[in-house]
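**Q** One predicted model, sequence on top.
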Amino acid sequence: MNKILSLLAVGILGGASVAAAADIIGTVTYKGTPPAEKTITPILDDPSCGATYGGKAPTTHFYVVGANGEFGDVIVSLKDVYGPATGASAAPAVLDQKGCLYTPSILTLQTSQKLIVKNSDPVLHNVHLNPTVADNEKANEASINSAQMPNGADLNYAFPKPEKFLKFQCDVHPWMFAWVTIVDSPYFAQTGADGKFVIKNVPPGKYTIVADHRKAGETTQDIEVKDTDVTVNFTFAPK
Amino acid sequence: MNKNCQTEYNPWLHYFAIATAIFTFLLIGLGGLVTSHEAGMSVPDWPNTYGYNMFLFPISKWVGGVFYEHTHRLLASTVGLLTVILAVWMGRREARPWLRRLGWVAVVLVIVQGVLGGLRVKWSMAGLGVFHGTVAQIFLVLTFAFVLWTSRWWLVTPWDKLMPVSRSLRRHVLYATILIFLQLMLGATMRHQHAGLAIHDFPLAYGQVWPDTSAEAMARYNAERVEVVTETPVTAFQIELQMFHRLGAVLIFLAVLACAWQARRQLGGRDVLGRITLGWLALIFLQIGLGIETIHSNKAADIATLHVMIGALSLVTGALGCVIAFRRADAAPKLAAETAISGGLHPAVGLVANK
């Protein structure tokens, strides 16, 4: 019922009062010391992968935290707001395999939005998806674990249902991961390294806004959008 | 039955059985490396390898996880071939019908095992990996039993003259072996969670005797958890699995200790079963040490794989101990009475060990 009401609310308000829509802007910060990242030492064991790094292995980037606590890779979205998703007509999102790492490692897209997975490496990878939502698994059944040769043809995916942090992995290089979040509305954003986000053209109304980080968890706030921009800031801290 | 069938010692058949058992043991080790390196899905197709006939897959492409998975498949094919040859050989030359039949049971098992491994890849179903790991252990036991049954020692031992093995000792060896088998299944379930170590400290767990697995605690553990491979949120189920695996290790240690003590007391230190159970206890010590080191090394692939291999050897030792103990049960009432009359050890004690 809530879902239907939300759909109706967003549909009616979104359609009738685009002019009155406003942006939600804000910053996400991490207060405290995040867990230490680890060096991906096995990357040097593969000569082709290791060559990219000149003998110095990169580290994991699970907590992208700036000098002043700017918190990157946080997904901000409106809770229980579904549609009108514009994924089918949106530009494709791209996930690249470069230097034997997924770039980016955190990605957000809409339902039905095309996802292109590239292999820019001179080595083969296997693109192995682990959907936890049955419809997403079914929709990509034929390519749930696909080989991708060096500079091979792109692989294409699309997901019909929302899902948080769907894991992509390469089993040839078991340190390679990407987590793709699929949302069912255009009202979302992902923070950059500066911790900032903007959700554009949100129709007036009362919402619960969610900030979600793969490791640090989620936090919510209740907000009301009227005809001017709304500022919402989030703060995460060690649990 | 073929007129060439015999129960006499056939050294070449025995050597061939040894080769099959060793290859199978190495195959389990390689399977351990596949899961330790999280490489099980690194070759997306089966029975082909990246579109090639797997025997023609270019060596230049054996990189990263592909190396472990592909060599595992090649070695598995070799073990399959050896098993078929062994079954045919025993079928033509072995007089014991039950052994001939078991040869073909091994062929069925190795085929089932291969198909399980293939389907695990084709269906991307991690749960099948648990069955794959379990069938592997049963098959390994069977190959080592072939070594025992085709050995000169097995064929020439005057079983009816040996000190009988009491019912209680037989049961102890059997129960300890079953415990090890269950422990290996638990271990296979843990490995096929593909979630790395669920608990990183030992002897405590998250600083507690029994870790908190509430939703808040799980969120905290996962927020602090940074893994290079197997970066997956750990679940309460996985933590409990590891805790039961730890408890299982304690139970197995006590059970095997009881077997070794009982065998020594009843049969003497020079009896073959006394020696086997003592060796078994040493293996369990080693296995516990490797389990602890697996945690302290953050599941280093070589240590975790050794843990798998010594676990398999522990099961084989227990299973062969069972075979020997139950083989010596037949004459038990008569010999037990004789032993009581002679007032101590039966004169045949050590007969085998002294050969």
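**A** Yes, it's here. Residues are numbered from 1 along each chain as shown, chains lettered A, B, ... in the order given.
**Q** any idea how chain B splits into domains?
**A** B:8-156, B:158-355 (automatic domain parsing).
**Q** Lowest average pLDDT across the ones you listed?
**A** Mean pLDDT is lowest for domain B:158-355 among the domains of chain B, at a mean of 89.
**Q** Point out the other helices and strands that the host helix or strand of A:K164 packs with.
**A** Following DSSP states H and E, one finds A:K164 within strand A:163-169. Under the contact definition 3 or more CB pairs under 8 Å, 6 or more residues apart in numbering or on different chains; DSSP states H and E, strand A:163-169 sits against strand A:125-130, strand A:177-183. For the C-beta atoms, the positions are set from N, CA and C on the backbone; glycine is no exception.
**Q** Would you format the ones you listed as CSV with mean neighbour count included?
**A** Formatted as CSV, those follow (neighbours: other CB atoms under 10 Å in any protein chain shown):
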stretch, mean neighbour count
strand A:125-130, 23
strand A:177-183, 23
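**Q** Of all the ones you listed, which one comes closest to A:A93?
**A** Set against A:A93 and scored by CB to CB, these come closest in strand A:177-183, at 8.1 Å.
**Q** Any part of that closest one near chain B?
**A** Yes: against chain B, strand A:177-183 shows contacts by CB under 8 Å from any CB of the partner chain at A:F177.
**Q** The strand holding A:K164 pairs with which strands?
**A** strand A:125-130 (antiparallel), strand A:177-183 (antiparallel) (DSSP bridges).
**Q** Over the helix or strand following the first one, what's the mean pLDDT, rounded is fine.
**A** This means strand A:125-130. As assigned by DSSP H and E, the chain's next helix or strand after strand A:125-130 is helix A:134-139. Helix A:134-139 carries an average pLDDT of 97.
**Q** Likewise for stretch A:228-239?
**A** pLDDT averaged over stretch A:228-239 gives 96.
**Q** where does A:V117 fall, phi/psi-wise?
**A** When quoted as degrees, to the nearest 10, the phi and psi of A:V117 stand at phi -110, psi 120.
**Q** So in terms of bridging, what pairs with it?
**A** Judged by DSSP bridges, the bridge partners of A:V117 are A:L95, A:L155.
**Q** quick one: it and A:H128 touch, right?
**A** No: between A:V117 and A:H128 there is no contact under CB atoms under 8 Å: 10.9 Å.
**Q** For chain A, which residues are neighbours of chain B?
**A** A:35-42, A:46, A:48, A:60, A:62, A:123-124, A:126, A:128, A:144-147, A:149, A:167, A:170-175, A:177, A:215-217, A:238-239.
**Q** Mind doing that once more with 6 Å?
**A** A:35, A:38, A:40, A:46, A:62, A:126, A:128, A:144-145, A:147, A:171-175, A:177, A:215-217, A:239 (CB under 6 Å from any CB of the partner chain).
**Q** Return the members of those residues classed as buried.
**A** With neighbours counted by 16 or more other CB atoms under 10 Å in any protein chain shown, the residues of chain A next to chain B contain buried members at A:38, A:40, A:46, A:62, A:126, A:128, A:144-145, A:147, A:171-175, A:177, A:215-216.
**Q** What about the residues you listed, which are in strands?
**A** Of those, the ones assigned to strands by DSSP state E are A:126, A:128, A:145, A:147, A:177.
**Q** ok, back up a step: take the strands paired with strand A:163-169 and lay them out in CSV including mean pLDDT.
**A** What follows is these, written out as CSV (pLDDT from 0 to 100):
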stretch, mean pLDDT
strand A:125-130, 96
strand A:177-183, 97
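**Q** Looking at those, which is nearest to B:W210?
**A** strand A:125-130 (30.0 Å).
**Q** got a list of contacts for that closest one?
**A** A:97, A:117, A:119, A:144-148, A:155, A:167-172, B:41-42, B:44 (CB atoms under 6 Å, 6 or more residues apart in numbering or on different chains).
**Q** quick one: contacts for A:P58?
**A** A:P58 neighbours (CB under 6 Å, 6+ apart): A:I40.
**Q** Backbone dihedrals for it, both of them.
**A** phi -70, psi 170.
**Q** Check B:N53 too.
**A** Dihedral angles (degrees, to the nearest 10) for B:N53: phi -60, psi 130.
**Q** how much space between it and A:P42?
**A** 30 Å (CB to CB, to the nearest Å).
**Q** For the residue minimising distance to the centre of chain B, give me its contacts.
**A** Compute the mean C-alpha point of chain B, and by CA atoms, centre = their mean the closest residue is B:A312, 2.4 Å away. Contacts for B:A312 (CB under 6 Å, 6+ apart) come out as B:28, B:137, B:140.
**Q** again, only this time at 7 Å
**A** For B:A312, the contact set (CB atoms under 7 Å, 6 or more residues apart in numbering or on different chains) comprises B:25, B:28, B:137, B:140.
**Q** I'd like those residues as JSON lines, with secondary structure and neighbour count appended.
**A** Putting the contacts of B:A312 into JSON lines (DSSP: H, G, I helix; E, B strand; the rest coil; neighbours: other CB atoms under 10 Å in any protein chain shown) gives the following:
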{"residue": "B:F25", "secondary structure": "helix", "neighbour count": "18"}
{"residue": "B:I28", "secondary structure": "helix", "neighbour count": "23"}
{"residue": "B:Q137", "secondary structure": "helix", "neighbour count": "22"}
{"residue": "B:L140", "secondary structure": "helix", "neighbour count": "21"}
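**Q** Redo those residues as a markdown table? Include distance to chain A.
**A** Listed next are the contacts of B:A312 as a markdown table, based on distance: CB to the nearest CB, whole Å:
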| residue | distance to chain A |
| --- | --- |
| B:F25 | 25 |
| B:I28 | 20 |
| B:Q137 | 24 |
| B:L140 | 25 |
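**Q** Cool, thanks, talk later.
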